[in-house]
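Asks: sharing a model prediction with you, sequence too.
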Amino acid sequence: MKNSDSNYKINGIALLCNKDGVIKKVLHDTPGSTDKFIGKLFVNLIEKKNRTKAMDFLVELQSEGIAINYQMNVWMEKDIKTLSFLGISLKNELLITGANSQEEAIKFTNYLQQINNEQANTIRKLVKEKYQFRNIIEQQKEQSYDDLTQLNNELINLQRELSKKNAELKRLNETKNQFLGMAAHDLRSPLAVIQSYTQFLIEKSSPLLPEKHQKFLDTIYSTTQFMLYLIEDMLDISKIEAGKLHLNKKIVDITELIKNNTELNKSLASKKNISINLKINTHPLKLYIDSHKIEQVFNNLISNAIKFSYPDTTIDIMVTQEEDMLLFSFHDEGIGIKKDKQQSIFLPFSKENSKGTQEEPGTGLGLMIVKQIVEGHGGKIWVESEVNKGSTFYFTLPIKENQEVKNNTNKNSYYPYNWTDKTILLIEDHSISKKLILEILKSTGVKIITSYYGKEGLQNLKDHPEINLVLLDLSLPDMSGFDIIKHIKKSYKDLPVIIQTAHVLSGEKEKALLHGANNYITKPIENQSLIDTLKKYLE
């Protein structure tokens, strides 16, 4: 073969190896320097730096029957030359050719057809199949790339649409919260007036009215309070969503609070002939809590127990002190809750057993609000239940007693304050709210200068340097309450400014504090809350 190929002009080599890659015969050797590698492994012919590639070439050739397009450096006489190698598996032998390019290596296989037509046909077939396979792979890669590009573009478009939808949902949610804030102001203000004046009448006229009439006032007060709580339930979800659930904590007799709430719910229980038993296994105890929010918890858990109880059953409420925690339990003999649903009932809009034993409706929001309030106070809430045997809801509150306040049993504790040497500027355009504040503060002896307009209030501030504190309503007819705060703080930096607002969702309180207000009072104004807040700055 070597001597018969003198007319063949391809500059390269052709080798016949056994299945292990040992060179058996040199079929073509243009430079004539390859014979010395007979009996040695094919990889010995390759420069050391390329021998790993040579091993990969042999592995592919042995496993797949063909290996093409491997560029490797070989020793040709005294020089190193880069050749493109092609390998074919023929029965028990390996045919390896190397030329300047892969095309030349393939041409060399055509030349071999003259020597052995059967082997040449096999080579052509294998090379053709290999190239077809590679073309298919390349086409698949291109198609995959096009598909991925298209998919990526679709994902980008979907992401844009999702961002638009999220922005729209955010805007709608803010609109909803704004509407609820306005509704809160419009609904709470008249109820607050009824409640506050009723409270004032109860405190002032109790010695003068017959017991029957006194109970009428108590009923009016408790009913308006209950209506305010219902409004709060509606608003709390939006406040929780906005992360603005505020706790107005103070020292409260917790045992008295749960007694009062239990009595309030007994009238609701009587309609189903349900009796409520309250057992307090602790001495009178005062906790540092938001009494209004905790009363929401009591009211929700008791009213739920009534709602899901069968007629002619009993609800047992128990209060127990356990080390540094106070444990409350509310047990009913109602329809119960499935075990796999006992965690989801604390999620918003949970509809598990949403209707009571007499088809009483529910919103699915109450227990979520309860959970937020309890955990906001540092407590925990959970439920134990069995279907058709009833449920027991538990929650805990940490005990933080204040001995000084605990020993003060004077219900109208704000009356002893004497502020006859103090002056307050009240800027308020709502005449009924103004009268209520004047009435609450009357017993303290404080001097109050009133203004209907913001500009009038600023002028009064200039005319009366003796003013010790400004009580400001943010909603005024002539100018923004925030602008008033700026004017005051610019000229009277150390003068306390207390704002009052019913817009609990619009962020007015936070915005006013950023503008320089010292504190705030939420409408409806509670008598003691107003006194306690003013006390911080007047004494």
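Replies: Right, received. Where do you want to start?

Asks: do I have it right that Asn261 meets Phe298?
Replies: Yes - in this structure, Asn261 sits in contact with Phe298. The criterion is C-beta atoms under 8 Å, and the distance is 4.2 Å. Bear in mind the C-beta positions are built from the backbone N, C-alpha and C, glycine included.

Asks: just the helices in this protein please.
Replies: 51-64, 102-112, 117-205, 211-241, 254-270, 291-307, 366-376, 403-406, 431-442, 454-463, 481-491, 508-515, 527-538 (DSSP state H).

Asks: which of those helices has the lowest average pLDDT?
Replies: When the helices of the chain are compared by mean pLDDT, helix 403-406 comes last with a mean of 42.

Asks: pull out the buried residues from stretch 320-340.
Replies: Along stretch 320-340, these residues count as buried under the neighbour rule (16 or more other C-beta atoms under 10 Å): 326-337.

Asks: swap that for stretch 303-314, please
Replies: Applying a neighbour-count criterion of 16+ other C-beta under 10 Å, the buried positions in stretch 303-314 are 303-310, 313.

Asks: let me know the closest of the buried residues of stretch 320-340 to Asn44.
Replies: Distances from Asn44 to the buried residues of stretch 320-340, taken as C-beta to C-beta, are shortest for Ile337 (80.4 Å).

Asks: list the contacts of Leu94.
Replies: 16-19, 21, 58, 61-62, 87-88 (C-beta atoms under 8 Å, 6 or more residues apart in numbering).

Asks: in space, what's closest to Asn519 - neighbours in sequence excluded?
Replies: Sequence neighbours aside, Ile498 is the residue nearest to Asn519 in space, at 5.0 Å (criterion: C-beta to C-beta, 6 or more residues apart in numbering).

Asks: the one you found contacts Leu474, correct?
Replies: No - applying C-beta under 8 Å, one finds Ile498 not in contact with Leu474, separated by 11.2 Å.

Asks: for Leu151, see how far away Arg157 is.
Replies: In this structure residue 157 is Asn, not Arg. Here the criterion is C-beta to C-beta, to the nearest Å. By it, Asn157 lies 11 Å from Leu151.

Asks: what is in contact with the two at once?
Replies: Contact with both Asn157 and Leu151 is made by no residue, according to C-beta under 8 Å, 6+ apart.

Asks: for burial, what's the neighbour tally of the residue nearest to Glu295 when sequence neighbours are not counted?
Replies: Excluding its sequence neighbours, the residue lying closest to Glu295 (C-beta to C-beta, 6+ apart) is Asn261, at 5.6 Å. The criterion is other C-beta atoms under 10 Å. On that basis, Asn261 has 22 neighbouring residues.

Asks: dig out what the residue nearest to Asn519 forms beta bridges with.
Replies: Taking DSSP bridges, one finds Leu471, Asn519 as the beta-bridge partners of Ile498.

Asks: just the pLDDT for it.
Replies: 93.

Asks: contact partners for the nearest residue to Asp218 once chain neighbours are set aside?
Replies: On the basis of C-beta to C-beta, 6+ apart, the spatially nearest residue to Asp218 that is not a chain neighbour turns out to be Ile202, at 6.8 Å. With C-beta under 8 Å, 6+ apart as the criterion, the residues that contact Ile202 are 214, 217-218, 221.

Asks: go again using 7 Å as the cut-off
Replies: 217-218, 221 (C-beta atoms under 7 Å, 6 or more residues apart in numbering).

Asks: how much space between it and Ile440?
Replies: Distance from Ile202 to Ile440, counting by C-beta to C-beta: 13 Å.

Asks: equivalent analysis for Leu187, please.
Replies: Using C-beta to C-beta, Leu187 is found at 22 Å from Ile440.

Asks: who's more crowded, those two?
Replies: Taking other C-beta under 10 Å, Leu187 and Ile440 do not tie; Ile440 has more neighbours (21 against 17).

Asks: please name the residues that touch that one.
Replies: The contact partners of Ile440, by C-beta under 7 Å, 6+ apart, come to 527, 530.

Asks: what about Tyr520, neighbour count?
Replies: If you count neighbours by other C-beta under 10 Å, Tyr520 ends up with 20.

Asks: ok, now Leu474?
Replies: Burial of Leu474, expressed as a neighbour count using other C-beta under 10 Å, amounts to 23.

Asks: against Asp429, how distant is the nearest residue to it once chain neighbours are set aside?
Replies: Sequence neighbours aside, Gly481 is the residue nearest to Leu474 in space, at 3.3 Å (criterion: C-beta to C-beta, 6+ apart). Taking C-beta to C-beta as the criterion, Gly481 is separated from Asp429 by 10 Å.

Asks: please apply the same query to Lys24.
Replies: 110 Å.

Asks: could you do Val387 as well?
Replies: 56 Å.

Asks: same thing with Lys165?
Replies: Lys165 is 41 Å from Asp429, where distance means C-beta to C-beta.

Asks: just Thr314 next, same as before
Replies: Relative to Asp429, and taking C-beta to C-beta, Thr314 is found at 52 Å.

Asks: Lys279 now?
Replies: The separation that Lys279 has from Asp429, given C-beta to C-beta, amounts to 50 Å.

Asks: which of the two has more neighbours?
Replies: Counted by other C-beta under 10 Å, Lys279 and Asp429 do not tie: Asp429 has more neighbours, with 15 against 10.

Asks: my read: the more buried one touches Asp473, true?
Replies: Yes - in this structure, Asp429 is within contact of Asp473 by C-beta atoms under 7 Å, at 6.5 Å.

Asks: before we move on, the earlier item: need the residues touching each of Gly481 and Asp429.
Replies: Asp473.

Asks: before we move on, back to that, next, format the contacts of Leu94 as CSV and append distance to Leu257.
Replies: Compiled in CSV, those are given as follows (distance: C-beta to C-beta, whole Å):
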residue, distance to Leu257
Leu16, 101
Cys17, 97
Asn18, 97
Lys19, 93
Gly21, 92
Leu58, 88
Leu61, 89
Gln62, 87
Gly87, 91
Ile88, 94
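
Asks: among the residues you listed, give me the pair with the biggest separation.
Replies: Farthest pair in those, by C-beta to C-beta: Leu16 and Gln62, 15.0 Å.
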